[in-house]
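# what follows is a predicted protein model with its sequence.
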Amino acid sequence: MTVSRLSLLCRDLWALWLLLKAGADEIMHQDIVPLCAADIQDQLKKRFAYLSGGRGQDGSPVITFPDYPAFSEIPDKEFQNVMTYLTSIPSLQDAGIGFILVIDRRRDKWTSVKASVLRIAASFPANLQLVLVLRPTGFFQRTLSDIAFKFNRDDFKMKVPVIMLSSVPDLHGYIDKSQLTEDLGGTLDYCHSRWLCQRTAIESFALMVKQTAQMLQSFGTELAETELPNDVQSTSSVLCAHTEKKDKAKEDLRLALKEGHSVLESLRELQAEGSEPSVNQDQLDNQATVQRLLAQLNETEAAFDEFWAKHQQKLEQCLQLRHFEQGFREVKAILDAASQKIATFTDIGNSLAHVEHLLRDLASFEEKSGVAVERARALSLDGEQLIGNKHYAVDSIRPKCQELRHLCDQFSAEIARRRGLLSKSLELHRRLETSMKWCDEGIYLLASQPVDKCQSQDGAEAALQEIEKFLETGAENKIQELSAIYKEYESILNQDLMEHVRKVFQKQASMEEVFHRRQASLKKLAARQTRPVQPVAPRPEALAKSPCPSPGIRRGSENSSSEGGALRRGPYRRAKSEMSESRQGRGSAGEEEESLAILRRHVMSELLDTERAYVEELLCVLEGYAAEMDNPLMAHLLSTGLHNKKDVLFGNMEEIYHFHNRIFLRELENYTDCPELVGRCFLERMEDFQIYEKYCQNKPRSESLWRQCSDCPFFQECQRKLDHKLSLDSYLLKPVQRITKYQLLLKEMLKYSRNCEGAEDLQEALSSILGILKAVNDSMHLIAITGYDGNLGDLGKLLMQGSFSVWTDHKRGHTKVKELARFKPMQRHLFLHEKAVLFCKKREENGEGYEKAPSYSYKQSLNMAAVGITENVKGDAKKFEIWYNAREEVYIVQAPTPEIKAAWVNEIRKVLTSQLQACREASQHRALEQSQSLPLPAPTSTSPSRGNSRNIKKLEERKTDPLSLEGYVSSVPLTKPPEKGKGWSKTSHSLEAPEDDGGWSSAEEQINSSDTEEDGGLGPKKLVPGKYTVVADHEKGGPDALLVRSGDVVELVQEGDEGLWYVRDPTTGKEGWVPASSLSVQLGPSGSAQCLSSSESSPGSAVLSNSSSCSEGGQAPFSDLQG
């Protein structure tokens, strides 16, 4: 029926189109003239011939050739154009009668008359009926013309007669005076300029009508041939485009009609101004022509409006259909997904709490899916409304409406069925819970009945009544028949639930059997009179089985029987209460643990499902895109920019795929039954996840290549074959999304596994994954560094990176720089490596996606072997100092937050500490070699400086803890003078330090470190020649004291007593005594002294010779190291 309706609509449109085309053709094929007045307006203005509108007696049109002296000078082309135009103006009927030519040559010569007549006869393009010539009026010329005409009559032989007239009255005998203009003695009102304006206006209107008709015909053809689009966007675009064109066509029609009415009004005004006889036939014909064109234009407009209404209705119905179809597809996809989702809800619960949880999940799912169901029902009503409005696609809409109603009913029925099953499961679990509770109460009842009281008849009867009363409650609390339960709940029973029901029933039966035995015993006791018996303590095994201690054992108790009974009843009541609370606690904890186990299984299920989907997507990309780049059949679709660029575009995606497909996914599946232990799987494969760092580092290059070639036909063809809705760039982002997804899943699993066995592994796995993400992020920043000449890989592992405000305060810098440094911080991005710290300037971000990443311009780097830090700077908790070469260069660094500052300081401390330990091990190794090769000197002549013996004792004590940093913080100078008789090392025989390198290099050093003296020296240390760095200000002393400040460099001249050394300042040449504790040996660039201080920034910062130092909390204060 839809096809028939559509065909009928198309047939109606086609009929309207033919009607519109016929009207347009009629307009375009009528009144067609070869020339227009506007084309030959200058030629017509010469007025050597004109069409006055007069008619002969038989209606023949009259063309007048007035006296025109330059007639012979008119070019043939102009003459031919004017003749053609004038003969095309009258109607075909009038032109068929033949034209009457009136040639006025009264003022001309005979020669000119002859030439004019011959030229007109040769060039006239239409039928002639009569030629009337007014010959010259002069006597000579008239006589000459009579004679010449008689002798030359053969020259004037034409198809029509040529009559020579002597005067105007003779002309009136052939043509009535009303049809002649005033210059020929007539009364016809004719103005040549007015006639020319009218002709121009009429022809302009006729041309406008013709163009409008052509436009309507072209537009109608386009509308008639337009195919209905298949999507909403295209249909909307077509409808909008056609509406705009229709509005433009209607505007052109309106302008044409306005122009036509204006021309017609001017003709009517001219007719109203003149008298009735003065109106000539041409004016009437012009008016009729304009009226005819207007009428046809109106008819064309009406036909177009009708055609457009049908076409617009068709497009609007098509748009409605496309909206309906799009909504149908979306709703059907949602309902199908919901149906698939509810199909996975097969669990009926294994406890009351679990079933209640499932019911809540079902209610939540139903609420979320209810939006889609309501939308589907509303869409079905919209479809019914379209059918009611006689839509052309009824046969397509009705099945979809029926399918929507079926899907909604089916989904609702499935929800109801699922709710019914869970309701039955809830009912069963409540009955089981009630039965178990009844059994527990029965057990508590039996345990609470005192044995001694039951020995009497009254006590036995009372206990018997309690038991009988309790058994009466079993009718509504216990399970009656196991087979009836199986039959009633057959639809939900599975193996586990059947086993649970059987155990509950068995427990109930066992409890009833105990009750019946107790009931029988009590009946016997109540039936016979018995004497009171003394309660006896139960046997140990009975005591062990009893839920509470026996009330009969009370050592040293001599209370009365009533007091004893009260004391005995107390423990049983407390036991009942405690057991009840304990059971409730166990039940609540058990239910919570079951809920957590369910949630853990859900997280594990999501992890496995998403992992499988991820592996499939990677395989799809590798086979559908990467492999196709090597396919010869697809080579013609590849752009030149993609040749040999597969590794750039896809990076190491294949390596990632093989790891997940062959290893990680299979290992994850092994933890399906114990999801809380899945952290071990991540920890075992944590090193393999480093492959993501390589992929992410390549991502900017891949993103850039994709942006350049995204419109390549190769990608479009691959996407079409794979039937992917998303383009390749979305799938290239999957590995980045996946590595970030793991930490979310691990967080969820850890949240539900706090008290489980694998909680620590999960926490460690989460920390490791976050560390990988940080490493990936850091590496993305690292590859953005520009301007660094060396290899960044030689700097060691990147530990931290971040942006800071940096002030410089260099000792040897320019004065102006030192002054400005405190007020104008530099914004720098620092990269902390194991061997150096880099200072870079962050550039502005540009580009899109991964290209929208910052770049860093390298500025400078500091070797960590010569770096020290001051943790706290006065006045700001976010600042710390990084200084270089004994504070020759000082960088005050301000972190965004105190937490970031603490993290950086701790990380730098770790680096310096590791360097310290490495240096200590090297010193111990050298000391061991020297102790094996050199004899130990005896300390005979010169004793060590004060405090040395105490130091040696401390050093010996510190040998027991070789890794302790406290051994490098003491109150004695770290560089001691040499002992007499020991001499200098072999590499130097002078007290003058070499001037070429500013001190001893690490290659020349043999025993020049405090580590060597501690570990290998049983006697005093050697005095080391060379340059020293002042680490503490020295401004007080005797007249021979040298004033020095922290950071100055001095040369050792002589060792003195009392811990003083005689040194020389190479910059000033001054010499004097300074405390040895204020000096630190300078070993050159590779072995410079470093310092790590946790105290406030001060000139007397602590120094560790030939190594990095670290001050932790609880160690010796650094003030002891100052001179």
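Perfect, I can see it now. Residues are numbered from 1 along each chain as shown.

# longest helix of the chain, counting residues only.
Identified as the longest helix of the chain according to DSSP state H is helix 281-343.

# summarise which helices and strands it is packed against.
helix 2-29, strand 50-55, helix 192-225, helix 232-273, helix 352-388, helix 394-448 (3 or more CB pairs under 8 Å, 6 or more residues apart in numbering; DSSP states H and E). All C-beta spots, glycine's among them, are computed from the backbone N, C-alpha and C.

# how far off helix 281-343 does the helix or strand following the second one point, in degrees?
This points to strand 50-55. Counting by DSSP states H and E, the next helix or strand C-terminal to strand 50-55 is strand 61-65. Angle, strand 61-65 to helix 281-343, by axes from the mean of the first three to the mean of the last three CA atoms, to 10 degrees: 110 degrees.

# which helices and strands sit right next to strand 61-65?
Using 3+ CB pairs under 8 Å, 6+ apart: strand 61-65 touches strand 50-55, helix 92-97, strand 99-104.

# looking at the helices and strands packed on helix 281-343, which has the lowest confidence?
Least confident of the helices and strands packed on helix 281-343, judged by mean pLDDT, is helix 2-29 with a mean of 49.

# the bottom helix or strand of the chain by mean pLDDT?
The helix or strand of the chain with the lowest confidence, counting by mean pLDDT, DSSP states H and E, is helix 1010-1016 at a mean of 35.

# which of the helices and strands packed on helix 281-343 is buried the deepest?
Stretch with highest mean neighbour count among those: strand 50-55 (a mean of 23; mean count of other CB atoms under 10 Å).

# show me what that strand is packed up against.
Using 3+ CB pairs under 8 Å, 6+ apart, strand 50-55 sits against strand 61-65, helix 192-225, helix 281-343.

# can you put those in JSON lines and add distance to Gly420?
Formatted as JSON lines, the helices and strands packed on strand 50-55 follow (distance: least, CB to CB, whole Å):
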{"stretch": "strand 61-65", "distance to Gly420": "100"}
{"stretch": "helix 192-225", "distance to Gly420": "57"}
{"stretch": "helix 281-343", "distance to Gly420": "13"}
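
# and these: which comes nearest Gly96?
strand 61-65 (10.5 Å; CB to CB).

# low-confidence stretches in the stretch 951-1100 of the chain?
Residue ranges of the stretch 951-1100 of the chain with pLDDT under 70: 951-1026, 1035-1037, 1057-1058, 1081-1100.

# and the closest residue to Lys507 other than its chain neighbours, what does it touch?
Excluding its sequence neighbours, the residue lying closest to Lys507 (CB to CB, 6 or more residues apart in numbering) is Cys439, at 5.5 Å. With contact taken as CB atoms under 8 Å, 6 or more residues apart in numbering, Cys439 is in contact with 507-508, 511.

# kindly report the same for Leu171.
102, 132, 134, 165, 180, 184-185 are the contacts of Leu171 under CB under 8 Å, 6+ apart.

# tell me which element it falls in.
Assigning secondary structure by DSSP H and E places Leu171 in helix 168-172.

# report the buried residues of that helix.
Buried positions in helix 168-172, judged by neighbour count with 16 or more other CB atoms under 10 Å: 168, 171-172.

# ok, now stretch 69-81?
When burial is assessed from 16+ other CB under 10 Å, stretch 69-81 yields the following buried residues: 71, 74, 79, 81.

# correct me if wrong: the third one contacts Ser123.
Yes. Phe79 is within contact range of Ser123, at 6.0 Å (criterion: CB atoms under 8 Å).

# hang on, the earlier thing: sort out for me which of the buried residues of stretch 69-81 are in helices.
The helices, defined by DSSP H, take in 79, 81 from the buried residues of stretch 69-81.

# got TSV for the buried residues of stretch 69-81, with distance to Asp382 too?
Converted to TSV, these look like this (distance: CB to CB, whole Å):
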residue	distance to Asp382
Phe71	81
Ile74	77
Phe79	74
Asn81	67
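
# packing partners for the longest strand along the chain?
Secondary structure of the chain per DSSP state E: the longest strand is strand 798-808. Packed against strand 798-808 by the contact rule (3+ CB pairs under 8 Å, 6+ apart) you find helix 759-782, helix 815-821, strand 826-833, strand 889-894, helix 898-933.

# so which of the helices and strands packed on strand 50-55 gets nearest Pro898?
helix 281-343 (48.6 Å).

# that closest one vs strand 50-55, what angle?
Going by the same axes, to 10 degrees, helix 281-343 makes 100 degrees with strand 50-55.

# what about helix 281-343, distance to the chain center?
39 Å (CA atoms, centre = their mean, to the nearest Å).

# repeat that for stretch 784-796.
32 Å.

# thinking again about what came up before, could you redo the helices and strands packed on strand 61-65 as JSON lines and give each row distance to Met498?
Converted to JSON lines, those look like this (distance: least, CB to CB, whole Å):
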{"stretch": "strand 50-55", "distance to Met498": "115"}
{"stretch": "helix 92-97", "distance to Met498": "106"}
{"stretch": "strand 99-104", "distance to Met498": "118"}
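
# thanks a lot, see you next time.
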